[in-house]
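Asker: Build me a structure from this.
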Amino acid sequence: MNNILVVDDDRLIREAAGKVLRDAGHRVFLAAGADECLQVLQKEDIDVALIDIFMPVKSGFDAVPEIKAIDENVVIIIITSHASVETAISAIRVGAYDYLKKPFHEDELLHSVNMALDRSALLHDNTALIESLTKRVSELELFKEVSTAISSMFEMKSLLEKIMKITTDTIGAEACSVLLLDKETGDLTFEVALGEKGEEVKEFRIKPGQGIAGWVLSNGEATIVNSVKKDKRFYQGPDKKTGFTTRSIIAAPLYDKDEIIGVIEVINKLGDKDFDDRDRATLITMCGQIAVALKNVQLISDLDDLFMGTIRALSSAVDAKSPWTAGHSERVTKYAVLLGEGMGLSREDIKSLEFAGILHDIGKIATNESILDKPDKLTDDEYRAIKRHPVRGAELMKHIKHLDHLIPIVRHHHEHFNGRGYPDNLERENIPLLARILAVADTFDAMKADRPYRKGRDMKFIVEEFRRSSGTQFDPRVIDVLLSLIEKGKHNNIDHIDLTGIATYYVEQEA
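Answerer: Alright, predicted model coming up:
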């Protein structure tokens with residue numbers, strides 16, 4: 001049952017409207033004035049409020065902001081006996097959804113209320129989605145903090161390479177490799193292989209029982225083979241591919257509790273010596289550390305995927321508000337990452353760009369779709385509403401501790417290099433570098449994409465605009481990288497320049 005509030009100082013109109021709505025199955029509340037209306041809102045969860053403009057003490061227009069302050073999801077219908085275009089515009093500007101002219105027919109009232117209820121349901125769905133995703137992100141926050149601390153020290157490839165180097169140095173061997181179990185196929189794949197031909201062996205997949213590593217996988221035991229030519233288990237495929245000569249091997253299983261997750265091989269004892277039981281014991285000891293590191297790195301990867309998936313879902317809720325913005329955040333992210341890589345940024349900064357790109361327009365969740373989809377020039381009020389989204393986005397992100405470092409990037413991705421942007425009129429190096437990169441990425445996508453008010457621009461136009469705006473709207477260093485990427489794409493016949501994400505809504509130039 002929906003809750004409808006009717007506010008009118010005319011008792012007959014108030015009660016007549018209430019009866020029609022009750023007969024239609026709604027729960028109805030009546031109020032004779034704005035103050036009484038606010039009292040009802042403090043106690044009841046109202047879906048739609050019909051409010052008269054001209055009332056004693058306080059008008060309906062004056063009451064709308066106070067209603068929204070109590071519950072921003074209340075959908076408001078202004079009712080008036082003096083309807084005009086100016087009245088309709090004024091009603092919408094203060095936050096009303098629709099207006100009815102008195103006297104209204106029963107079917108007009110019900111139609112308007114039903115449309116408002118559809119709007120109310122959408123608002124509540126959006127709110128529930130944000131709350132659900134925010135809660136999910138918060139639940140991941142503790143895990144993410146732990147994983148971030150670990151990942152600063154443990155990145156899979158570099159970590160395993162370090163462990164392998166320690167192992168080969170300690171045991172005194174020529175090469176080393178780690179094969180991980182692919183749970184879907186049951187095969188072993190080369191994760192890290194040190195030595196001159198290490199990269200070439202990664203294309204091989206070892207089946208259970210195949211070769212010495214496959215034997216270890218099937219039997220769960222470590223083994224020493226000091227003459228592989230005399231051992232029937234030896235698989236020659238990698239040697240034939242790489243030209244490497246394997247003479248001797250120690251291989252041992254990597255256990256996570258009672259489950260084998262991979263196999264480690266140490267190859268060719270230095271000095272033409274044989275591996276011995278001491279070498280075998282050393283390797284088994286190393287296996288425990290390697291298995292723990294692998295599990296930690298896998299946990300980090302899984303949490304990264306889950307966290308990023310949650311962030312992408314939150315971003316998609318924004319992009320889905322308008323068919324014109326579908327995929328916008330993903331494209332901006334890809335362009336920003338390409339620009340960051342072109343500028344030689346660190347892995348941490350690239351990761352921050354990725355998150356900030358996905359979230360840069362999150363503040364638009366509160367922007368009316370009619371503004372986002374408007375085919376005509378925006379009014380001053382509509383443009384101001386658009387300009388509020390960086391601040392709204394920054395405020396939303398304050399509730400997620402792990403995203404604190406991204407807030408300045410999201411807040412300032414519409415600042416201009418010359419200080420004439422928004423929201424804080426920052427200029428030059430006072431604008432965070434990652435925000436300057438994101439601004440270029442955002443604008444690139446905005447110019448290339450179709451919008452309700454224009455078709456997407458061609459590359460010639462885009463290049464000319466960026467050259468013109470270099471040093472005024474945009475950081476010249478970022479523009480230089482962008483233009484070099486475009487030129488590189490041109491030479492390689494990449495007509496669309498697969499940068500995938502450089503855009504700030506181009507309203508500055510075309511609103």
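
Asker: Contacts for the host helix or strand of V64 next, please.
Answerer: Using DSSP states H and E, V64 falls within helix 60-70. With Cβ atoms under 8 Å, 6 or more residues apart in numbering as the test, helix 60-70 has contacts from 7, 34, 37-38, 41-42, 49, 51-54, 74, 76, 78-80, 90-91, 94-96. No exception for glycine: its C-beta is placed from N, CA and C like everyone else's.

Asker: Look through this structure and tell me its longest strand.
Answerer: The single longest strand within the chain, with elements called by DSSP state E, is strand 259-269.

Asker: and the closest residue to K387 other than its chain neighbours, what is it in contact with?
Answerer: Leaving aside its sequence neighbours, K387 sits nearest to Y422 (Cβ to Cβ, 6 or more residues apart in numbering; 5.2 Å). Shown in contact with Y422 (Cβ under 8 Å, 6+ apart): 387, 390, 414-415.

Asker: thinking T333 is in contact with L353, fair?
Answerer: Yes: counting by Cβ atoms under 8 Å, L353 is a contact partner of T333 at 7.5 Å.

Asker: more crowded one of these two?
Answerer: L353 (30 against 25; other Cβ atoms under 10 Å).

Asker: for the helix or strand hosting that one, which positions count as buried?
Answerer: Using DSSP H and E, L353 maps to helix 347-359. Going by neighbour count (16 or more other Cβ atoms under 10 Å), the buried part of helix 347-359 is 349-359.

Asker: Selecting buried members of the contacts of helix 60-70 in PyMOL, what would you type?
Answerer: Selection of buried members from the contacts of helix 60-70 for PyMOL, criterion 16+ other Cβ under 10 Å:
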select buried, resi 7+34+37+38+41+49+51+52+53+74+76+78+79+80+91+94+95+96
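
Asker: average pLDDT across stretch 221-235?
Answerer: For stretch 221-235, the mean per-residue pLDDT is 91.

Asker: in that stretch, what counts as buried?
Answerer: So, applying 16+ other Cβ under 10 Å, buried residues of stretch 221-235: 222-225, 228, 233-235.

Asker: what's the most distant pair in the residues you listed?
Answerer: Maximum pairwise distance among the buried residues of stretch 221-235 (Cβ to Cβ): 17.6 Å, between A222 and Y235.

Asker: Just the buried positions in stretch 166-178, please.
Answerer: Neighbour-count burial for stretch 166-178, counted by 16+ other Cβ under 10 Å, picks out 167-168, 171, 173-178.

Asker: Partner strands of the strand or helix carrying V178 and their direction?
Answerer: Assessed by DSSP H and E, V178 sits inside strand 173-181. Sheet pairing of strand 173-181 (DSSP bridges) gives strand 188-193 (antiparallel), strand 259-269 (antiparallel).

Asker: now the stretch 201-350 of the chain, which segments are flagged as low pLDDT?
Answerer: Low-confidence segments of the stretch 201-350 of the chain, defined by pLDDT under 70, span residues 201-202, 296-327.

Asker: let's see it at 90
Answerer: 201-207, 235-246, 254-262, 271-272, 276-335, 337-338, 341-343, 345-350 (pLDDT under 90).

Asker: Take the buried residues of stretch 221-235 and lay them out in TSV including distance to R428 and secondary structure.
Answerer: Output for the buried residues of stretch 221-235, formatted as TSV (distance: Cβ to Cβ, whole Å; DSSP: H, G, I helix; E, B strand; the rest coil):
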residue	distance to R428	secondary structure
A222	61	coil
T223	64	strand
I224	65	strand
V225	65	strand
V228	64	helix
R233	66	coil
F234	64	coil
Y235	61	coil
